[in-house]
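Undergrad: my questions concern the predicted model and sequence given below.
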Amino acid sequence: MTGHGWSMAAGSLGRPAPGRLLRGGSFGAGAGLWRRQGLSWWLKKRSVECLVIVMQAAFSDSLAGAEAGERHTCVMSAQGQLFCFGNNRHGQCSVPADLGPVLSVSTGKSHTCAVQVSGQLICFGENEYGQCDVPEDLGAVLDVAVGNYHTCAIQTDGQMTCFGSGDDGPVLLPSDLGAVAMVSAGTAHTCTVTADGGLVCFGDNRYGQCNVPETLGLVVETSVGSAHSCAVKANGQLVCFGDNTHGQCDVPEDMGPVKVVSAGAAHTCAVSARTGQLECFGDNKEGQCNVPRDLGTVVAVSAGAGHTCAVCASGEVICFGSNDCGQRDVWRAEVFLGTGRPA
């Protein structure tokens, strides 16, 4: 779910120029999954919980990217307009009418957060644990990562603030964390790339998802899932650790260097730095790892719970996997954002 979501931002914030994707999304940073109930519990409940909405947004832009949450998806137009679709039981798809253009978005289990062009953080959806209660004194932020029941934001000075609930209460940051460059939030753990390129993970560690390998070295990106963590080293090597029940940490030996990674609930997707091809591995019960053969070159990817969304070099957004709540229905956004593809 990157800090992990995807972003477009002005160069004044040290990011790519407007209209350029910053990175792929992840279920962890853009999403968290289930706390302890597990997949089967959610699948039994899904017929009741899936309240699919169609927001008739009067925009006329092209799509710039997609962020996959547990069972909802948000897309952003080239002009920063946000549109969300899929499960809306808790209002996680109810984009505020006065939100305006945004620089980045992150989706979680049942809430969504976006950074406005002013740097103000706006969150909406489930708020039982205060995950949408943005601190009044937070100030401008550079990026946001949404977990299961917590939210973390990077402020303009590189300091990070988290609110909501972690595994057993409030999210507690390491006292010596310092400035961070990227953050990704999972079900109940969080990983950050520090300003000097180190990887720091904290929170729930029952699967070893916070046990950063001693030999990891410098990293340029991180993405966390429900209970596993992934990082891209400076040389492009992908390393994953933590829960490996479904093979979500078994990086293919022939993968080679990657330019972007996205960790889903129990699957992982990465884009090859050499070919631009997308490869996914891990849990595939919903077809979330079945990359379409004709997908072509991919520039960004976001892995959710049972679905995955890819942004192609052509500008098209393709989602595959579960569609039980309409979370794959990109055409809804394309129609209402005015790109013209019929349903």
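TA: All right, it came through fine.

Undergrad: any chance you could map the strands in the stretch 1-150 of the chain?
TA: In the stretch 1-150 of the chain, the segments counted as strands under DSSP state E, counting those that start in this stretch are 6-7, 63-68, 72-77, 82-86, 102-107, 111-116, 121-125, 141-146, 150-155.

Undergrad: for Ser184, which of those strands is the nearest?
TA: strand 141-146 (5.3 Å; C-beta to C-beta). For glycine as for every other residue, the C-beta is placed from the backbone atoms N, C-alpha and C.

Undergrad: just put the strands of the stretch 1-150 of the chain in JSON lines and tack on mean neighbour count.
TA: Compiled in JSON lines, the strands of the stretch 1-150 of the chain are given as follows (neighbours: other C-beta atoms under 10 Å):
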{"stretch": "strand 6-7", "mean neighbour count": "30"}
{"stretch": "strand 63-68", "mean neighbour count": "29"}
{"stretch": "strand 72-77", "mean neighbour count": "29"}
{"stretch": "strand 82-86", "mean neighbour count": "26"}
{"stretch": "strand 102-107", "mean neighbour count": "30"}
{"stretch": "strand 111-116", "mean neighbour count": "27"}
{"stretch": "strand 121-125", "mean neighbour count": "22"}
{"stretch": "strand 141-146", "mean neighbour count": "31"}
{"stretch": "strand 150-155", "mean neighbour count": "25"}
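
Undergrad: least reliable of the ones you listed by average pLDDT, please.
TA: Ranked by mean pLDDT, the strands of the stretch 1-150 of the chain end with strand 6-7 at the bottom, a mean of 46.

Undergrad: now this structure, which segments are flagged as low pLDDT?
TA: Regions of the chain meeting the criterion pLDDT under 70 cover residues 1-62, 333-343.

Undergrad: do that again at 90, thanks
TA: Low-confidence segments of the chain (pLDDT under 90): 1-65, 76-79, 166-170, 313-316, 326, 329-343.

Undergrad: turn the strands of the stretch 1-150 of the chain into a markdown table, including distance to Cys191.
TA: Below are the strands of the stretch 1-150 of the chain laid out as a markdown table (distance: least, C-beta to C-beta, whole Å):
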| stretch | distance to Cys191 |
| --- | --- |
| strand 6-7 | 17 |
| strand 63-68 | 18 |
| strand 72-77 | 22 |
| strand 82-86 | 25 |
| strand 102-107 | 14 |
| strand 111-116 | 17 |
| strand 121-125 | 20 |
| strand 141-146 | 9 |
| strand 150-155 | 10 |
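
Undergrad: can I assume Met182 is in contact with Ala195?
TA: No: counting by C-beta atoms under 8 Å, Met182 does not reach Ala195; the two are 9.9 Å apart.

Undergrad: ok, back up a step: so for Thr268, which of the strands of the stretch 1-150 of the chain sits nearest?
TA: Of all the strands of the stretch 1-150 of the chain, it is strand 63-68 that lies closest to Thr268, at 13.0 Å by C-beta to C-beta.

Undergrad: ok, which stretches of the stretch 151-300 of the chain are strands?
TA: Remark: strands assigned in the stretch 151-300 of the chain by DSSP E, counting those that start in this stretch are 160-164, 180-185, 189-194, 199-203, 219-224, 228-233, 238-242, 258-263, 267-272, 278-282, 298-303.

Undergrad: compute the inter-axis angle for the last one and strand 72-77.
TA: Read that as strand 298-303. Per axes from the mean of the first three to the mean of the last three C-alpha atoms, to 10 degrees, the angle that strand 298-303 makes with strand 72-77 is 150 degrees.

Undergrad: off-centre distance for strand 298-303?
TA: Distance, stretch centre to chain centre, for strand 298-303: 10 Å (C-alpha atoms, centre = their mean, to the nearest Å).

Undergrad: list the helices and strands the next helix or strand after that strand packs on?
TA: In the C-terminal direction, the helix or strand that comes right after strand 298-303 (DSSP states H and E) is strand 307-312. Counting by 3 or more C-beta pairs under 8 Å, 6 or more residues apart in numbering; DSSP states H and E, the packing neighbours recorded for strand 307-312 are strand 63-68, strand 267-272, strand 298-303, strand 317-321.

Undergrad: kindly recompute the last result at 6 Å.
TA: For strand 307-312, the contact count by 3 or more C-beta pairs under 6 Å, 6 or more residues apart in numbering; DSSP states H and E identifies strand 63-68, strand 298-303, strand 317-321 as packing neighbours.

Undergrad: now these in TSV, with distance to Thr156?
TA: Written out in TSV, the entries for the helices and strands packed on strand 307-312 read as follows (distance: least, C-beta to C-beta, whole Å):
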stretch	distance to Thr156
strand 63-68	22
strand 298-303	24
strand 317-321	30
